[in-house]
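Engineer: okay, sequence plus prediction incoming.
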Amino acid sequence: MNFPRYYIFIWVLYLLLSAGVFAQSEVDTVSSLPGVEIKTSVDRADMYVGDLITYKLIIIHDSTFKLVPPPLGANLGAFDVKDYQPDVVTALEDGRIQSENTFILSTFTTGDYVIPPIPVVFELPDSTRKVMVSEIVPIKVNSLLLNTDDSLDIKPLKAQYEFLRDMTRYYLWGVVGILVLLVIGLIIWWRLRRKRSEGELEDLRPPWEIAFERLAVLQGKNLIDGDGHKLYYAELSEIARWYLGRVYHRNVLDMTTEEFMNQFENLALPSGIYDDTIKFMLFADLVKFARLEPENGRPESDFENVHTIVEKIRSDQMQRLAVATAADDESEREGVISPPGEAS
């Protein structure tokens, strides 16, 4: 080991410190100070060319002393500094201060080397300065060519380091986003439904007038002349459903045929209306959902059937209205008070 060379390096460094940065006051070199410890360590003292070693310089001193950071250069002897973490300061339980400096070192030359001592300067309470020197750390650097062990064979690449991410907040934002979209969808659906209901209430004509008008519009589309049977029966059945629901105050547009049967089975409908309506709706379902092709003349017959249903219910409603009006008139006449002077 080339100890003299490193001792010369230390003394030259010390002289520079004394003549330059610390020229304001006298600096004495001492082997020890009360309450001061300087520790050095390496993670390995035997290495191969190109290996990385971790060298730590730990300085523990009394809190009344002021530590002047050591003047570290770009390298330490034969070693290159690959990384450096300076002055990690920690307060110890006994009141002293610990300063830790960490170096990652490497070299590409073989032989017996040392990590040279590092001078550490303290300023005492009386403004005097003292220098303590860390211990020399011997390192043996081996050649890879001398190693016959299989441990130096080329090794596969290490797996990539995976940084684990906390996905909790992303899940929370996702749930919040879904809830917001759901609320917006419900608001839009409610507004459209209300608008549809308001639109239905705007037309104050009797329901049979509206139904006859819609039937005339459907007949003008000439859907039965081509392949539009499915659309034809969809519109025709919707007219029938709407008309019956409007007259008898039932929301039948969203009902299945079976639900429609249950709703109208016990209503006081004109004779034959219930059976005719059910037969038509069951056949319309086959055309709409089972792709049944109606035989010739059947679409026209069903159109007339729906037209007849609308007319019969209209006549029945008008008769009921006439009877109710006559009953009201009779009640009014019976309730009229006889004029004065007439015999009772």
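Structural biologist: Sure, I can see it. Residues are numbered from 1 along each chain as shown.
Engineer: you'd agree Lys312 is in a helix?
Structural biologist: Yes - counting by DSSP: H, G, I helix; E, B strand; the rest coil, Lys312 is found in a helix.
Engineer: which pLDDT value belongs to it?
Structural biologist: Per-residue pLDDT puts Lys312 at 91.
Engineer: alpha carbons of stretch 133-145, as PDB, please.
Structural biologist: Presented in PDB, the C-alpha positions along stretch 133-145 are these (Å, rounded to 0.1, in the frame of the first residue of the first chain):
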ATOM      1  CA  VAL A 133      -8.300  13.200  11.100                       C
ATOM      2  CA  SER A 134     -10.400  10.100  10.200                       C
ATOM      3  CA  GLU A 135      -8.800   6.700  10.100                       C
ATOM      4  CA  ILE A 136      -7.400   5.100   6.900                       C
ATOM      5  CA  VAL A 137      -9.600   2.400   5.400                       C
ATOM      6  CA  PRO A 138      -7.600  -0.300   3.500                       C
ATOM      7  CA  ILE A 139      -9.300  -1.800   0.400                       C
ATOM      8  CA  LYS A 140      -8.100  -4.700  -1.700                       C
ATOM      9  CA  VAL A 141      -9.100  -4.500  -5.400                       C
ATOM     10  CA  ASN A 142      -9.000  -7.900  -7.200                       C
ATOM     11  CA  SER A 143      -8.800  -8.600 -10.900                       C
ATOM     12  CA  LEU A 144     -11.600 -10.400 -12.600                       C
ATOM     13  CA  LEU A 145      -9.200 -12.500 -14.600                       C
END
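Engineer: give the buried residues for it.
Structural biologist: Val133, Ser134, Ile136, Val137, Ile139, Val141 (16 or more other CB atoms under 10 Å). C-beta coordinates here come from the backbone N, C-alpha and C atoms, glycine included.
Engineer: and what of stretch 277-284?
Structural biologist: Thr277, Phe280, Met281, Phe283, Ala284.
Engineer: out of the buried residues of stretch 133-145, list just those in strands.
Structural biologist: Val133, Val137, Ile139, Val141 (DSSP state E).
Engineer: about what we covered before: closest to Ile58 among the buried residues of stretch 133-145?
Structural biologist: Ser134 (9.4 Å; CB to CB).
Engineer: now do the contacts for the closest one.
Structural biologist: Contacts for Ser134 (CB atoms under 8 Å, 6 or more residues apart in numbering) come out as Ile38, Thr40, Leu57, Pro117, Ile118, Pro119, Val120.
Engineer: strands paired with the strand ranked longest in the chain, and their directions?
Structural biologist: Ranked by number of residues, the top strand in the chain under DSSP E is strand 79-91. Partner strands and pairing direction for strand 79-91 (DSSP bridges) are strand 75-76 (antiparallel), strand 97-106 (antiparallel).
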